[in-house]
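Peer 1: based on what follows, work out the 3D shape:
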Amino acid sequence: MSDEKPPVETPAPPAAEAAAPEAQAKPAAPKPPAPKPAAPAGPKKWEPSGEIAENGAAAALKAKFGDVVTGVKSPCKEATVLVPKARLIEILAFLKEDAACAMDYLSDLTGAHYPNNDKKFEVAYHLYSLTRKESLRVKVQLDDGEPCPTATGVWPGADWMEREAHDLLGIVFEGHPNLKVILLPEDFDGHPLRKEFPLGGAQEEMIRSNKYGKPVYLPEEIEEARKIIEERRHDS
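Peer 2: Reported below is the predicted structural model:
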């Protein structure tokens, strides 16, 4: 019998120890930061919709004044033009006096406030020819606080319309003969048709409680009605 001992087997190292360092699992890469939410879009400018319509008066106006007159889109297909303030009164006078236009009736004058536009205000003149049965809207744009020349020299009827626009929007009509409050109480603060004007509150209560805004019922007998007015009994 041989005296040699059988070789002792060395146990295999655990699998984790046997693996090479480069074969071991690497730590997960850090996640990229979440993208910042996009900034909300700014307020949109107001732009007219529809299409540009033209009629005889608009064509005559462009033939006379050229590129200073710009057609404006209208959803109702109403002939509408935009003119520069510096030429406004000249253009309005031409529309009234020129036989091809004959815009002898100022049916309305109004304003609008577009706070997100480059020019914050518009004044619109709604003209009509009683002889040609044709209408035209003329617009002029203004900055906040920029005055607009009065149209009372062309149409005296613009007087009260401009005063209303002044009350409600704060537009100053330069050269107006009597630009005083006509719709609001004289001590009213602000202009209710501006977009930033708050709804409700003390100002609205003031308008609703204004005694001059309430109907006055007078008797049919003339002398008695005159006495009531003279004695200011209708104020109560």
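
Peer 1: mind listing the strands for the protein?
Peer 2: Ranges of strands in the chain, per DSSP state E, are 51-52, 70-71, 73-74, 80-82, 105-113, 121-129, 134-142, 148-149, 173-174.

Peer 1: need those strands in JSON lines with mean pLDDT, can you?
Peer 2: Output for the strands of the chain, formatted as JSON lines (pLDDT from 0 to 100):
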{"stretch": "strand 51-52", "mean pLDDT": "96"}
{"stretch": "strand 70-71", "mean pLDDT": "96"}
{"stretch": "strand 73-74", "mean pLDDT": "95"}
{"stretch": "strand 80-82", "mean pLDDT": "98"}
{"stretch": "strand 105-113", "mean pLDDT": "97"}
{"stretch": "strand 121-129", "mean pLDDT": "98"}
{"stretch": "strand 134-142", "mean pLDDT": "97"}
{"stretch": "strand 148-149", "mean pLDDT": "98"}
{"stretch": "strand 173-174", "mean pLDDT": "98"}
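
Peer 1: would you tell me which of the ones you listed gets closest to residue 99?
Peer 2: Residue 99 lies closest, by C-beta to C-beta, to one member of the strands of the chain: strand 121-129, at 10.2 Å. Placement of C-beta: from N, CA and C, glycine included.

Peer 1: how close does residue 180 get to residue 68?
Peer 2: According to C-beta to C-beta, to the nearest Å, residue 180 stands 33 Å off from residue 68.

Peer 1: most residues in a single helix of the chain, which one?
Peer 2: In the chain, taking DSSP state H as the definition, the longest helix is helix 158-169.

Peer 1: of all the residues in it, which ones are buried?
Peer 2: 158-159, 161-169 (16 or more other C-beta atoms under 10 Å).

Peer 1: which residues are contacting that helix?
Peer 2: 106, 108-113, 121, 123, 150-152, 171-173, 176-184, 191-194 (C-beta atoms under 8 Å, 6 or more residues apart in numbering).

Peer 1: now those residues: which count as buried?
Peer 2: Buried members of the contacts of helix 158-169, counted by 16+ other C-beta under 10 Å: 106, 109, 111-113, 121, 123, 150-152, 171-173, 176, 179, 183-184, 191-192, 194.

Peer 1: and for residue 127, the neighbour number?
Peer 2: Residue 127 has 24 neighbours, counted by other C-beta atoms under 10 Å.

Peer 1: so what's it up against?
Peer 2: By C-beta under 8 Å, 6+ apart, the contact list for residue 127 reads 57, 92, 95-96, 103, 105-107, 135-138.

Peer 1: whichever of those residues end up buried, select them in ChimeraX.
Peer 2: Provided next is the ChimeraX selection string for whichever of those are buried by 16+ other C-beta under 10 Å:
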select :57,92,95,96,103,105,106,135,136,137,138
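
Peer 1: out of the contacts of residue 127, who's nearest residue 38?
Peer 2: Of all those, residue 38 sits closest to residue 137, with 39.0 Å by C-beta to C-beta.

Peer 1: now the closest one, which residues is it bridged with?
Peer 2: For residue 137, the beta-bridge partners are residue 80, residue 126 (DSSP bridges).
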